[in-house]
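Enquirer: The sequence and its predicted three-dimensional model are supplied below.
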Amino acid sequence: MSENRQPGRGRFIAIEGVDGAGKGVQSRLLRDALLSCKVPVLLTREPGGSPGAEEIRALLVSGATDKWDSMTELLLVYAARRSHLQQTILPALAQGTWVISDRFADSSRAFQGIAGGLGLDVVEKIHQEVVGNNNPDLVLVLDLDPRLSLDRAKARGTGEDRFEKKGEAYQRKVRDGFRMLAQRSPQTHRLIDASASVEAVALAIRQQVAAALQLSALVSVE
């Protein structure tokens, strides 16, 4: 998206990472910081973010781990992502609103492509058909050891734990996938140490967003 961004168009930020890395908390803190800088912003999530996509989310994130194989997961996620883009993300960006999404396409690459064994080529073929060039301007990857992240995820107790139940070895592959994705795209991706305090992680995120998207006022937000 950053390559073809139109004047007045909002910025698109995705926050990624293993389950339990703190994406939800940090997404909300970043939204609040942007609002304090008078930046119009929409916080959304994946899977979900539109009525149809939320229905698909319910199919994906709960139940037995073997309910879907990796290809079925991928197809369901991209069906939800198409709805999310068309109904939520693109209209907001066109109005000049910044969008923060708790997960986006790198989750498909890390979860289904790498940890799920489909391979990145398979994910990219579907991605180009569904998403095209509508990619985030900035991707923040919250990096955390799965042993800690799974403890955090279990403590939430939401019932949306199908991926967490795939276990530490699976989540470790997911983490390795995210780290690889961040390293191969340094122009758009930033790796954030999520083992620090909530406040320290939030500051690191604000610093990265301020530098990447030319919003210096964000650094001084309390």
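Expert: Structure received. Numbers count the residues shown, from 1 in each chain.
Enquirer: In the strand or helix carrying residue 147, which residues have enough neighbours to count as buried?
Expert: For residue 147, the element it lies in under DSSP states H and E is helix 146-156. Residues 146, 149, 150, 152, 153 are the ones in helix 146-156 that count as buried (16 or more other C-beta atoms under 10 Å). For every residue, glycine as well, the C-beta is placed using N, CA and C.
Enquirer: what does stretch 162-172 give?
Expert: Quick answer for stretch 162-172 (16+ other C-beta under 10 Å): 162, 163, 164, 166, 170, 171, 172.
Enquirer: Can you list the low-confidence ranges for the chain?
Expert: Along the chain, the model assigns pLDDT under 70 to residues 1-7, 157-158.
Enquirer: now the helices for it?
Expert: 23-36, 51-60, 70-84, 90-94, 105-108, 120-130, 146-156, 168-184, 198-212 (DSSP state H).
Enquirer: will you turn the ones you listed into JSON lines that also has distance to residue 221?
Expert: Conversion of the helices of the chain to JSON lines gives the following (distance: least, C-beta to C-beta, whole Å):
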{"stretch": "helix 23-36", "distance to residue 221": "4"}
{"stretch": "helix 51-60", "distance to residue 221": "30"}
{"stretch": "helix 70-84", "distance to residue 221": "28"}
{"stretch": "helix 90-94", "distance to residue 221": "22"}
{"stretch": "helix 105-108", "distance to residue 221": "26"}
{"stretch": "helix 120-130", "distance to residue 221": "33"}
{"stretch": "helix 146-156", "distance to residue 221": "25"}
{"stretch": "helix 168-184", "distance to residue 221": "24"}
{"stretch": "helix 198-212", "distance to residue 221": "6"}
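Enquirer: Which of these sits closest to residue 136?
Expert: Proximity of those to residue 136 was assessed by C-beta to C-beta; the nearest stretch is helix 105-108, lying at 8.1 Å.
Enquirer: The residue nearest to residue 29 when sequence neighbours are not counted and residue 164: what is the separation?
Expert: Excluding the flanking residues, the one nearest residue 29 by C-beta to C-beta, 6 or more residues apart in numbering is residue 202, at 4.6 Å. Remark: distance between residue 202 and residue 164 (C-beta to C-beta, to the nearest Å) = 24 Å.
Enquirer: Touching, residue 192 and residue 203? I think so.
Expert: No. Using C-beta atoms under 8 Å, residue 192 is not in contact with residue 203, being 10.3 Å away.
Enquirer: quick one: which two of the buried residues of stretch 162-172 are the most distant?
Expert: Taking C-beta to C-beta, no two of those sit farther apart than 162 and 172, at 17.4 Å.
Enquirer: can you tell me which residue is nearest the centre of this protein?
Expert: residue 103 (1.8 Å; C-alpha atoms, centre = their mean).
Enquirer: what's the distance between it and residue 68?
Expert: From residue 103 to residue 68 the distance is 17 Å (C-beta to C-beta).
Enquirer: Could you list the residues in contact with the helix holding residue 147?
Expert: 17-22, 161, 164, 168, 171-172, 174-175, 194-195 (C-beta atoms under 8 Å, 6 or more residues apart in numbering).
Enquirer: same thing but at 6 Å, please
Expert: The contact list for helix 146-156, computed with C-beta atoms under 6 Å, 6 or more residues apart in numbering, reads 18, 19, 20, 21, 164, 168, 171, 172, 175.
Enquirer: Contacts only, for the second one.
Expert: Remark: with contacts taken as C-beta under 6 Å, 6+ apart, residue 19 is in contact with 153, 163, 164.
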